[in-house]
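In: Dropping a prediction and its sequence here:
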Number of protein chains: 2
Amino acid sequence: MSNLADRIEEYLKSVLEQADEGYIMLQRGFLANTFSCAPSQINYVLTTRFTAERGYLVESRRGGGGYLRIIRLGLDPEGKFQRLMAELIGEELSQERANNLIDRLEEEEIFTKREAVLIKSILADRILTDWVPSAEMLRARMMKEILVNMCRDDIII
Amino acid sequence: MSNLADRIEEYLKSVLEQADEGYIMLQRGFLANTFSCAPSQINYVLTTRFTAERGYLVESRRGGGGYLRIIRLGLDPEGKFQRLMAELIGEELSQERANNLIDRLEEEEIFTKREAVLIKSILADRILTDWVPSAEMLRARMMKEILVNMCRDDIII
DNA sequence: GACTTTATGACCTTTGTTGACCTTTAACTT
DNA sequence: AAGTTAAAGGTCAACAAAGGTCATAAAGTC
C-alpha cells in the first residue's frame, strides 16, 4: 500500500532521527538509486513532506560533490511560532507591528537584544520603502523566514 | 563526496592557520602535484574560495622561482572597518557574495552563528527576488545597515 | 467521472575538472 | 649586454557531475 513517496519520507525521517547534529546530508542520485526511481521524485518528496510547516528545512548544492541537506526544526512547545508563522503567510506587516512583535519576542527571550536590534534595523521603513512595491508584504515574508530559521536544530544557541 | 576543490581549500586554510606571518607562499605546480590535478584547478580554488569577501588576498609571480602568496586579511579594529566593508559591499551585492561575507564576519566573531543564519535567511534570493525590482541593491543597503547597527556601543555581543 | 496525489523523463542551471595554449620572468649563452 | 631558453603562473573553452524545473502520464480517491 505504502507508496514510494511515503517510503522515502519514512526513510529520511528515520535517518534524521538518529542524527544528533540536527541535520543529514546525502546525495539525490544516491537516494534515487536506492529507491530505483527518477531523481525528480526525490524533489517531490522534499517539497511535499519536508516543508517548514512540517518542521523541516532543505538546503542543497549543485555541481560535483553536490548534496542535499535536510535540517530538523525543533517545534516550540506551545506551537507559538507555528501560529505566528501561519499568521504571517500572505499577510502584511507594518513597521510598527513588526517592532512590537520583535520586542515581545525579545522579552520572551526568543531573541537577544542584539538580534532584536538587527532585525528591526533591516525591517525599517527607511530601508524597505522606495525599494519595494509592497514593503509590508516583504516584511511579513522576512519575519516568517526569520522565525523558521530560529528553530533550526543545527544551531545550538 | 567532498570534492577536490574543497579538499584543496581545506588544506590551504590549515597551512595558513599555522603560519604566524599571516600569509603563506607556495608553488602552483607543487600543489597540483600533491593533489594530482591540473594546475588550473588551483586557480579555480583560489578564485572561488580565497576572495576578498572571504578575507583573503592572493598575489603571485610567474617565471622561474614563481610563487603564489595567500594572505589572510585581518579586520583591523580601528575605525577603518566600516569603510572597508562599505567598499567590499558596494552598491550591489549578490547572495553569494553576501553569504561569503557573513561567513567571514562570523569567523571573526563579529556575528554569532545564530545571527549569521538569521541574516543569511532574509538576504536570500528566495526571499528578495520577485519582490524587489533590484534585489542586489536592496541587499547591499541592508547589509550596510546591519553593520552600522551591530557596531553600536550600546549593544555588546 | 472528476479531482488529487504520485511518478517519470526531457531539458536546464550550477559547480567542478581538465587540457591546450598564452604570458611573464629568472637563468643561461654567447 | 642582448638574446635565448626554460620554468614558472594565467586564461579559457569544453566536458563532467551534481541538483532543479516543469509538463505530462499514471495511480488513487470520492
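Out: Sure, I can see it. Here the structure is a predicted model, which means the values were calculated and not measured.

In: For chain A, what lies in contact range of DNA strand C?
Out: Counting by Cβ under 7 Å from any atom of the strand, chain A comes close to DNA strand C at A:3-6, A:37-41, A:44, A:48, A:61-66. (Glycine included, C-beta is placed from N, CA and C.)

In: Mind checking which of those residues are buried?
Out: Listed as buried from the residues of chain A next to DNA strand C are A:5, A:37, A:41; burial here means 16 or more other Cβ atoms under 10 Å in any protein chain shown.

In: And the last one, how far from DNA strand D?
Out: Read it as A:Gln41. From A:Gln41 across to DNA strand D, the span is 9 Å (Cβ to the nearest atom of the strand, to the nearest Å).

In: Contacts only, for that residue.
Out: A:4-5, A:8, A:32, A:35 (Cβ atoms under 8 Å, 6 or more residues apart in numbering or on different chains).

In: if you set the cut-off to 10 Å instead, what comes out?
Out: Applying Cβ atoms under 10 Å, 6 or more residues apart in numbering or on different chains to A:Gln41 gives the contacts A:4-5, A:8, A:28, A:31-32, A:35.

In: Secondary structure element holding it?
Out: helix A:39-49 (DSSP states H and E).

In: Where does the prediction get shaky in chain A?
Out: A:1, A:77-78, A:90, A:157 (pLDDT under 70).

In: Which residue would be the closest one in it to DNA strand C?
Out: The nearest approach of chain A to DNA strand C comes at A:Gly63, 2.3 Å away (Cβ to the nearest atom of the strand).

In: what sits against that residue?
Out: Contacts of A:Gly63 by Cβ under 10 Å, 6+ apart are B:3, B:5.

In: isn't A:Tyr23 right up against A:Glu59?
Out: Yes: with contact defined as Cβ atoms under 10 Å, A:Tyr23 counts as touching A:Glu59 (8.6 Å).

In: Who are the packing partners of the helix or strand where A:Lys144 lies?
Out: Here A:Lys144, judged by DSSP H and E, is contained in helix A:135-149. If you count contacts as 3 or more Cβ pairs under 10 Å, 6 or more residues apart in numbering or on different chains; DSSP states H and E, helix A:135-149 packs onto strand A:56-61, helix A:80-88, helix A:95-107, helix A:113-123, helix A:125-128, helix B:113-123, helix B:125-128.

In: Pull up the residues of chain A that are close to DNA strand D.
Out: Proximity of chain A to DNA strand D, by Cβ under 7 Å from any atom of the strand, involves residues A:3, A:27-30, A:39-40, A:42-43, A:60-68.

In: quick one on the thing from earlier: got the angle for the helix holding A:Gln41 vs strand A:56-61?
Out: 150 degrees (axes from the mean of the first three to the mean of the last three Cα atoms, to 10 degrees).

In: ok now helix A:39-49, how far from the chain's centre?
Out: 16 Å (Cα atoms, centre = their mean, to the nearest Å).

In: just stretch A:148-157 next, same as before
Out: 9 Å.

In: Any chance you could list what contacts that stretch?
Out: So stretch A:148-157 is contacted by A:16, A:19-23, A:51-53, A:55-57, A:69, A:71-76, A:81-82, A:85, A:105, A:110-112, A:115, B:112-114, B:116-122, B:124 (Cβ under 10 Å, 6+ apart).
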